[in-house]
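*Asks:* give the three-dimensional model of this entry:
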Amino acid sequence: MKNSFKTQLSKALGGNVELNKKAIRIKRSWDEVAGLITKGKQKPKK
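*Replies:* Purely as a prediction, here's the structure:
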């Protein structure tokens with residue numbers, strides 16, 4: 001069974017709730033940036 005990102009993160013940070021929230025916020029914003037980058041790289045269909 002594959003652990004979710006949140007589960008892995010909480011184990012790595014020792015259950016510190018504030019750090020978990022900050023790390024999840026950072027990951028979410030990074031996912032948005034990565035999405036914008038990949039959108040920009042796609043060539044328009046002809």
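*Asks:* packing partners for the lengthiest helix in the chain?
*Replies:* Ranked by number of residues, the top helix in the chain under DSSP state H is helix 17-41. Under the contact criterion of 3 or more CB pairs under 8 Å, 6 or more residues apart in numbering; DSSP states H and E, helix 17-41 touches helix 5-12. Every C-beta, even on glycine, is put in place using the N, C-alpha and C of the backbone.
*Asks:* which residues sit in contact with the one residue sitting closest to the centre of the chain?
*Replies:* Relative to the mean C-alpha position of the chain, the nearest C-alpha, by CA atoms, centre = their mean, is the one of K27, at 3.0 Å. Contacts for K27 (CB atoms under 8 Å, 6 or more residues apart in numbering) come out as F5.
*Asks:* measure it to A12 for me?
*Replies:* For K27, the distance to A12 equals 12 Å [CB to CB, to the nearest Å].
*Asks:* residue ranges with poor pLDDT in this structure?
*Replies:* Along the chain, the parts satisfying pLDDT under 70 run over 1, 42-46.
*Asks:* circling back to that earlier point, ok, and for the longest helix of the chain, which residues are buried?
*Replies:* N20, A23 (16 or more other CB atoms under 10 Å).
*Asks:* that one versus helix 5-12: what angle between them?
*Replies:* 140 degrees (axes from the mean of the first three to the mean of the last three CA atoms, to 10 degrees).
*Asks:* from S10, how far off is the residue nearest to the centre of the chain?
*Replies:* 13 Å.
*Asks:* what's in contact with stretch 7-26?
*Replies:* Counting by CB under 8 Å, 6+ apart, K6 sit against stretch 7-26.
*Asks:* from V17, how far off is the residue nearest to the centre of the chain?
*Replies:* 16 Å.
*Asks:* likewise L9?
*Replies:* 11 Å.
*Asks:* next: F5.
*Replies:* F5 is 16 Å from V17, by CB to CB.
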